[in-house]
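Visitor: Quick one, what's the 3D model for this:
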Amino acid sequence: MRKALILPTKYVQGEDELLNLGYFVSTFGQSALLIANPDDVNRVRPQLDATAKKFGIHFVEGGFNGEVTREETKRLQQVAAENHTDCIIGLGGGKAIDASKVVAEGEHLIIVPTIAATDAPTSHSAVLYHADGSFDDYAYFKQSPSVVMVDTKVVAAAPVRFLVAGMGDALSTYFEARATHNSYSRVNASLPMGSREGLTEPAIGTYAALALAELCWTNLKADGLQAKIACEANLVTEAFNKIIETNILLSGLGFESGGLAAAHAIHNGMTVLAGTHHYLHGEKVAFATIVQLVMEDAAKSELEAVMDFCASVGLPLTLADLGVTEISFEEALAVAKIACIPEESIHSMPFPISEEAVANALIVADRIGQDYKIRNGLA
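Guide: Here you go, the predicted model:
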């Protein structure tokens with residue numbers, strides 16, 4: 001039985017950590033292609049100028065257009081080649097980070113998230129899109145980033161909604177990893193399909209990854225609300241530090257080497273519901289986690305604990321919280337059809353999956369959330 005654990009080479013986190021970016025650039029050479037939204041660059045321009053001067057390096061700004069298309073990433077690769085840059089930096093949110101992964105192709109890559117909204121920074125995968133923003137394909141690389149650097153002061157200055165959404169993404173990590181562990185399913189840490197010549201079987205998750213995933217849930221319950229309060233005040237506390245590490249590092253390692261299951265597949269299916277389009281990834285994943293627990297017939301105490309946590313930090317409990325005020329069985333079935341395509345992670349659940357069962361769980365989870373809000377005076 002093959003097992004796999006994939007990790008970034010270095011993870012560093014702290015106040016004013018961005019001032020050390022030049023040091024990590026200098027370990028590769030003297031220059032770096034900076035892939036970032038221009039607004040994000042301007043927000044941290046003083047730190048970039050200071051670290052460049054201190055360590056004698058320089059940044060080549062790529063002028064990222066905001067979308068991770070094949071054309072844009074090829075253009076950025078050409079910019080890097082023309083300027084003979086020594087490494088690639090992805091700075092900002094998910095799109096800039098994914099674009100940098102595609103451009104770097106697994107080599108000499110530094111990731112600098114300026115928000116803690118997802119667990120993507122540590123992974124060796126990215127999502128490609130078409131110019132109109134529609135999904136194109138997944139891309140996998142031979143290794144995770146060389147350095148993941150998080151400046152907690154920068155993250156604390158970002159809108160609190162991003163931090164809470166990151167907690168929603170991290171919320172699913174343990175429950176999906178547990179399901180994948182119980183079903184002995186292949187995990188994302190395994191080599192991508194079509195690149196396993198000579199291997200006898202794909203890899204499953206390690207106990208280490210499962211333990212990291214469970215620590216996500218432990219930390220969220222203990223410090224999620226305190227971290228949110230700190231972020232609302234734009235202040236760094238130890239609770240805030242713990243949740244940044246949870247959202248980015250623990251959840252990143254937990255999902256990639258522990259595995260995804262129903263929650264992320266249901267999130268993908270929910271894209272057919274127009275009302276959800278203005279909500280963040282982690283907000284939708286949080287509700288989808290409740291749906292997964294309904295599918296599993298999880299213990300009442302566990303389901304209540306998840307809903308208590310969501311209510312405490314302001315994550316969605318119902319479809320109405322995601323802009324869907326009503327849902328028919330036919331609409332729920334449309335969600336389920338996408339969630340249940342053969343390639344989706346929902347098939348990592350440790351029992352047979354049917355579209356009807358997923359649709360039923362979606363509707364029932366919504367009603368359970370409605371009942372919870374009424375019982376707790378939140379309706």
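Visitor: only C-alpha atoms for contact and neighbour calcs from this point on.
Guide: Noted.
Visitor: Okay, and I110 sits in which element?
Guide: Element membership of I110 [criterion: DSSP states H and E] is strand 109-113.
Visitor: Check which helices and strands that strand sits against.
Guide: strand 87-92, helix 94-104, strand 147-151 (3 or more Cα pairs under 8 Å, 6 or more residues apart in numbering; DSSP states H and E).
Visitor: Paired strands for that strand, with orientation please.
Guide: Here strand 109-113 has these sheet partners by DSSP bridges: strand 87-92 (parallel), strand 147-151 (parallel).
Visitor: What angle do helix 94-104 and the first one make with each other?
Guide: With axes from the mean of the first three to the mean of the last three Cα atoms, to 10 degrees defining the directions, strand 87-92 sits at 170 degrees from helix 94-104.
Visitor: Using PDB, write out every CA atom in strand 87-92.
Guide: Taking C-alpha atoms only, strand 87-92 is exported to PDB below (Å, rounded to 0.1, in the frame of the first residue of the first chain):
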ATOM      1  CA  CYS A  87      12.800  33.000  -9.100                       C
ATOM      2  CA  ILE A  88       9.000  33.600  -9.200                       C
ATOM      3  CA  ILE A  89       6.900  35.300  -6.500                       C
ATOM      4  CA  GLY A  90       3.100  34.900  -6.300                       C
ATOM      5  CA  LEU A  91       1.800  37.700  -4.000                       C
ATOM      6  CA  GLY A  92      -1.900  38.300  -3.100                       C
END
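Visitor: what's that strand in contact with?
Guide: Contact with strand 87-92 is made by 25, 28-29, 31-37, 40-41, 96-101, 103-104, 107-115, as judged by Cα atoms under 8 Å, 6 or more residues apart in numbering.
Visitor: cool, stretch 235-249 as well?
Guide: Outside stretch 235-249, the residues within contact range by Cα under 8 Å, 6+ apart are 11, 13-15, 116-122, 152-153, 156-157, 163, 166-167, 169-170, 215-216, 219-220, 223-224, 226-228, 230-231.
Visitor: any chance you could map the strands in the chain?
Guide: 10-14, 31-35, 58-61, 87-92, 109-113, 125-129, 135-140, 147-151 (DSSP state E).
Visitor: In a markdown table, list the ones you listed along with mean pLDDT and mean neighbour count.
Guide: Shown next, in a markdown table, are the strands of the chain (pLDDT from 0 to 100; neighbours: other Cα atoms under 10 Å):
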| stretch | mean pLDDT | mean neighbour count |
| --- | --- | --- |
| strand 10-14 | 98 | 15 |
| strand 31-35 | 98 | 26 |
| strand 58-61 | 98 | 19 |
| strand 87-92 | 98 | 27 |
| strand 109-113 | 98 | 27 |
| strand 125-129 | 90 | 20 |
| strand 135-140 | 86 | 14 |
| strand 147-151 | 98 | 24 |
